[in-house]
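Novice: return a 3D structure for these sequence lines:
(chains A, B, C and D)
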Number of protein chains: 2
Amino acid sequence: MPRINRTRFAILGMLMSGPRSGYDLKKDFEEQISNFWSESLGQIYPALGRLKEEKFVSVKIKREKGRPERKVYRITKKGEKAFRDWLDLPAEPIRWRNELLLKVFFGSAMEPTDVLRHIEQLQAAELKTQSLYQHYENEIETRDASPERRLYWRLALSSGRHINEARLTWCSEAINEIKKFANKPKSRKKKSDD
Amino acid sequence: MPRINRTRFAILGMLMSGPRSGYDLKKDFEEQISNFWSESLGQIYPALGRLKEEKFVSVKIKREKGRPERKVYRITKKGEKAFRDWLDLPAEPIRWRNELLLKVFFGSAMEPTDVLRHIEQLQAAELKTQSLYQHYENEIETRDASPERRLYWRLALSSGRHINEARLTWCSEAINEIKKFANKPKSRKKKSDD
DNA sequence: ACGGCCATGTAATCAGTTACATGATTCA
DNA sequence: TGAATCATGTAACTGATTACATGGCCGT
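Specialist: Residues are numbered from 1 along each chain as shown, chains lettered A, B, ... in the order given. Purely as a prediction, here's the structure:
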């Protein structure tokens, strides 16, 4: 069966909380859900065009002095129906493609120190992400949205925080295990120059 | 900059531990790393063709009675070099696209019970995955591989286990929070027929 | 003057899945 | 005989990113 196009529904979902331009949508995706979703402008603009043709959205051109022209899209009744129908469908499981784990899996083709380097890079990135979460959580509370919308926003964010913590835990464990392995004299290969 | 083709390196990595056919590769991807990687035959066969042209692999046709002809690929010195060069590069961060979280984020367009249904579906799937991990972990020990290869195999697997646990924790928390919200009389909408 | 942001869009390319096409063997 | 597995490949299509193209405004 053909896969459904999620970009369309991500856009419709955003338009549910008010009309926006393509450019606005891109910013909202990044500011609100970059944690688990991303769309490029190269997808957003064509998708908006198709949604327009199908009458899932309507457009109004807004001119404001001192700014370029903007095409502001508003979801229609027909669009809302389509969006709710999609919401009802079970979510498709994600397909993982994790390059770091692939490299770790092939780790025996490297020196242990090289594997450690890779994991430490992930660890550094995850620590950065971790420090962002507190910031995001505070920001939700400053947004003008209903308690219900805040609840779901918080839940989506907390999912990211849990995964982030899990990755950090794994990094520590993996680093320990690799060091333990590398220090066993029996298992070291050539290069005994230490 | 152009993205690098990871399929090629996933294949080369598999060939590092012995020659295989395209069909074998597909099975190995599924049995060993489906946890964080997947390749379809529609990608494997063309990729093998290109790797052959570039002299990263060599081919031998194997005929065994009672079985169709197989093309068995072996990594060359040149291929090993290319593989190690790729291993050295830092891994690119994964692009998340999580349809379930997208639906949860848009949860205020549904009844809380519908959001709960989605999360419970994820929970059921993750519980299934959880029960698979013990099985996989036992299997690693039965495989004919060096302690080093087993270590990295175990680490790649344990990453999945940590993420799985994190998702299950999140599911429980999310279910609780949504139920708490839905039971607050103030925040319920129409449909007071209970 | 130049960089950065606002704003829209198209084209080229790559990545990836599914369907199509073929054909042998084995087992029920 | 018909389904399942082994085995290889191509074609069609969808998905997604990046580069290209255009142009105005604002601040330094």
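
Novice: near chain B, anything from the helix or strand A:Asn176 falls within?
Specialist: Using DSSP states H and E, the element containing A:Asn176 is helix A:147-183. Yes - using Cβ under 8 Å from any Cβ of the partner chain, helix A:147-183 reaches chain B at A:147-149, A:151-156, A:158-159, A:162-163, A:165-167, A:169-170, A:173-174, A:177-178, A:181. For the C-beta atoms, the positions are set from N, CA and C on the backbone; glycine is no exception.

Novice: ranges for the helices of chain A?
Specialist: Secondary structure of chain A (DSSP state H): helices located at A:6-15, A:22-33, A:41-53, A:77-88, A:99-105, A:112-142, A:147-183.

Novice: could you dump the ones you listed into CSV and include mean neighbour count and distance to DNA strand C?
Specialist: Formatted as CSV, the helices of chain A follow (neighbours: other Cβ atoms under 10 Å in any protein chain shown; distance: least, Cβ to the nearest atom of the strand, whole Å):
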stretch, mean neighbour count, distance to DNA strand C
helix A:6-15, 23, 12
helix A:22-33, 17, 3
helix A:41-53, 15, 4
helix A:77-88, 16, 17
helix A:99-105, 23, 10
helix A:112-142, 15, 17
helix A:147-183, 18, 20
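
Novice: closest to B:Ser40 out of those helices?
Specialist: helix A:99-105 (16.1 Å; Cβ to Cβ).

Novice: centroid-nearest residue for chain A?
Specialist: Taking Cα atoms, centre = their mean as the criterion, A:Phe36 is the residue nearest the geometric centre of chain A, at 2.5 Å.

Novice: any idea how far B:Leu168 is from that residue?
Specialist: According to Cβ to Cβ, to the nearest Å, A:Phe36 stands 17 Å off from B:Leu168.

Novice: for stretch A:148-167, give the mean pLDDT please.
Specialist: Averaging pLDDT along stretch A:148-167 yields 96.

Novice: any low-confidence regions in chain A?
Specialist: A:1-3, A:185-194 (pLDDT under 70).

Novice: recalculate using a threshold of 50.
Specialist: A:1, A:187, A:191-194 (pLDDT under 50).

Novice: what parts of it come near DNA strand D?
Specialist: A:2-7, A:38-43, A:66-68 (Cβ under 7 Å from any atom of the strand).

Novice: skip the chain neighbours and tell me the closest residue to A:Gln121.
Specialist: The spatially closest residue to A:Gln121, leaving aside those adjacent along the chain, is B:Pro90, at 5.6 Å (Cβ to Cβ, 6 or more residues apart in numbering or on different chains).

Novice: next, count neighbours for that neighbour.
Specialist: B:Pro90: 13 surrounding residues under other Cβ atoms under 10 Å in any protein chain shown.

Novice: give me the domain ranges for chain A.
Specialist: A:6-88, A:99-186 (automatic domain parsing).

Novice: so A:Arg154 touches A:Ile140, yeah?
Specialist: Yes - contact criterion Cβ atoms under 8 Å: A:Arg154 and A:Ile140 qualify, at 6.0 Å.

Novice: keeping just the C-alphas, turn stretch A:132-141 into CSV.
Specialist: The C-alpha coordinates for stretch A:132-141 follow below in CSV (Å, rounded to 0.1, in the frame of the first residue of the first chain):
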residue,chain,number,x,y,z
LEU,A,132,18.3,22.8,25.8
TYR,A,133,15.4,20.9,27.3
GLN,A,134,15.1,23.0,30.4
HIS,A,135,15.0,26.1,28.2
TYR,A,136,12.3,24.6,26.0
GLU,A,137,10.2,23.6,29.0
ASN,A,138,10.2,27.1,30.3
GLU,A,139,9.3,28.4,26.9
ILE,A,140,6.1,26.3,26.7
GLU,A,141,4.7,28.0,29.8
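
Novice: neighbouring contacts of that stretch?
Specialist: Applying Cβ atoms under 8 Å, 6 or more residues apart in numbering or on different chains, the set of residues contacting stretch A:132-141 from outside is A:Asn35, A:Arg150, A:Trp153, A:Arg154, A:Leu157, A:Gly160, A:Arg161, A:Asn164.

Novice: pretty sure the fifth one sits against A:Phe36.
Specialist: No - taking Cβ under 8 Å as the definition, A:Leu157 is not a contact partner of A:Phe36, at 9.2 Å.

Novice: now the common contact residues for the two.
Specialist: By Cβ under 8 Å, 6+ apart, A:Leu157 and A:Phe36 have no common neighbours.

Novice: can you list the helices of chain A in a markdown table and add distance to B:Leu12?
Specialist: A markdown table is the format used below for those (distance: least, Cβ to Cβ, whole Å):
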| stretch | distance to B:Leu12 |
| --- | --- |
| helix A:6-15 | 32 |
| helix A:22-33 | 35 |
| helix A:41-53 | 31 |
| helix A:77-88 | 39 |
| helix A:99-105 | 11 |
| helix A:112-142 | 17 |
| helix A:147-183 | 22 |
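
Novice: my read: A:Leu151 touches B:Glu177, true?
Specialist: Yes - contact criterion Cβ under 8 Å: A:Leu151 and B:Glu177 qualify, at 6.6 Å.

Novice: measure A:Ile11 to A:Gly22 for me?
Specialist: Where A:Gly22 is concerned, A:Ile11 sits at a distance of 9 Å (Cβ to Cβ).

Novice: what do the two both touch?
Specialist: In contact with both A:Ile11 and A:Gly22: A:Ile44, A:Leu48, using Cβ under 8 Å, 6+ apart.

Novice: what's next to stretch A:169-179, contact-wise?
Specialist: A:104, A:107, A:112, A:115-116, A:119-120, A:122-123, A:126, B:151, B:154-155, B:158-159, B:162.

Novice: if you set the cut-off to 7 Å instead, what comes out?
Specialist: A:Pro112, A:Val115, A:Leu116, A:Ile119, A:Leu122, A:Gln123, A:Glu126, B:Leu151, B:Leu155, B:Ser158, B:Ser159, B:His162 (Cβ atoms under 7 Å, 6 or more residues apart in numbering or on different chains).
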